[in-house]
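[1] A structural model of the following input is requested.
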Amino acid sequence: MTKLLRDIALGHSQSIIEKARNGDDKAFTKLVGLWFKKIYNFCLKYFGDHDMAMETTQKTFIALYQNLTEIRDTERLKFWLYKVARNYCYEEGRKQKKTGLLSIFQNQEVEQKPDSYFHPERKLQTMEKEQWVSSLLLTLPDEQRTVIIMKEYEDMKFREIAEVLDISENTVKSRLYYGLKSLRKQIEQSGYAYKEEV
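    Alright, predicted model coming up:
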């Protein structure tokens, strides 16, 4: 059943790609709608800043519009989008580091759980944790940060990450290992603690 649903979704995406490549603007808008949230959230995790995430996401979809003829199928689209978004994140990150404008406390994902889901105190603790983790992610080298975001937040497979970044799976695993090790060390050294939820 799951495979059937996946095949239907892929087939639907494939037909949208074909229509968009043939100049159908409505199909392109649907294509953006299908991928916008995932690419935006990837950029948001990378920067921890809404404005910068929006800018890089918009650049990614402008690039998609300009290069639609390169995209032949749904699987290639996924890799292409993440690769282009990653490149724009690197580029923008380098600019921001030069000017010292990189923000770390504006991490709000596109889709949040409703307020009623959390007790107010627990919601505050969750937001604090997310902001803290975002600030730690920003201290990592770009290569490690990107792999952690793709693996831990985007739930991508090692094979997929390797293809997007054009590196070997072993290199992906190595960057993930050293990135998580660095985060763990910072957490231990910070002594930052949260009350356990009852």
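[2] mind listing what's buried in the helix or strand harbouring Lys83?
    Using DSSP states H and E, Lys83 sits in helix 74-99. In terms of neighbour count (16 or more other CB atoms under 10 Å), helix 74-99 has its buried residues at 74, 77-82, 84-86, 88-89, 92-93. C-beta here means a position set from N, CA and C on the backbone, and glycine is covered the same way.
[3] count the residues that sit near the closest residue to Phe28 other than its chain neighbours.
    Distances taken as CB to CB, 6 or more residues apart in numbering place Ala20 nearest to Phe28, at 4.2 Å, with adjacent residues excluded. By the criterion of other CB atoms under 10 Å, Ala20 has 22 neighbours.
[4] distance of Ala20 from Leu136?
    38 Å (CB to CB, to the nearest Å).
[5] got phi/psi on the residue most central in space within the chain?
    In the chain, the residue lying closest to the centroid (CA atoms, centre = their mean) is Phe42, at 1.4 Å. Note on Phe42: backbone dihedrals following degrees, to the nearest 10 are phi -60, psi -50.
[6] can I get the buried residues of helix 74-99 in TSV including distance to Thr56 and pLDDT?
    Putting the buried residues of helix 74-99 into TSV (distance: CB to CB, whole Å; pLDDT from 0 to 100) gives the following:
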residue	distance to Thr56	pLDDT
Thr74	22	71
Leu77	18	88
Lys78	17	88
Phe79	17	89
Trp80	15	92
Leu81	12	93
Tyr82	12	94
Val84	9	95
Ala85	6	95
Arg86	9	94
Tyr88	4	93
Cys89	6	93
Glu92	6	85
Gly93	9	78
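[7] need these in a markdown table (columns: distance to Met54).
    Below are the buried residues of helix 74-99 laid out as a markdown table (distance: CB to CB, whole Å):
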| residue | distance to Met54 |
| --- | --- |
| Thr74 | 25 |
| Leu77 | 21 |
| Lys78 | 21 |
| Phe79 | 22 |
| Trp80 | 20 |
| Leu81 | 16 |
| Tyr82 | 17 |
| Val84 | 15 |
| Ala85 | 12 |
| Arg86 | 16 |
| Tyr88 | 12 |
| Cys89 | 12 |
| Glu92 | 11 |
| Gly93 | 15 |
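[8] still on that earlier bit, now the residue nearest to Phe28: how far from Phe61?
    For Ala20, the distance to Phe61 - CB to CB - is 11 Å.
[9] what packs against the helix or strand that Met52 is a member of?
    The secondary structure element spanning Met52 is helix 50-66 (assigned by DSSP H and E). Applying 3 or more CB pairs under 8 Å, 6 or more residues apart in numbering; DSSP states H and E, we find helix 50-66 packed against helix 25-47, helix 74-99.
[10] what angle do that helix and helix 25-47 make?
    140 degrees (axes from the mean of the first three to the mean of the last three CA atoms, to 10 degrees).
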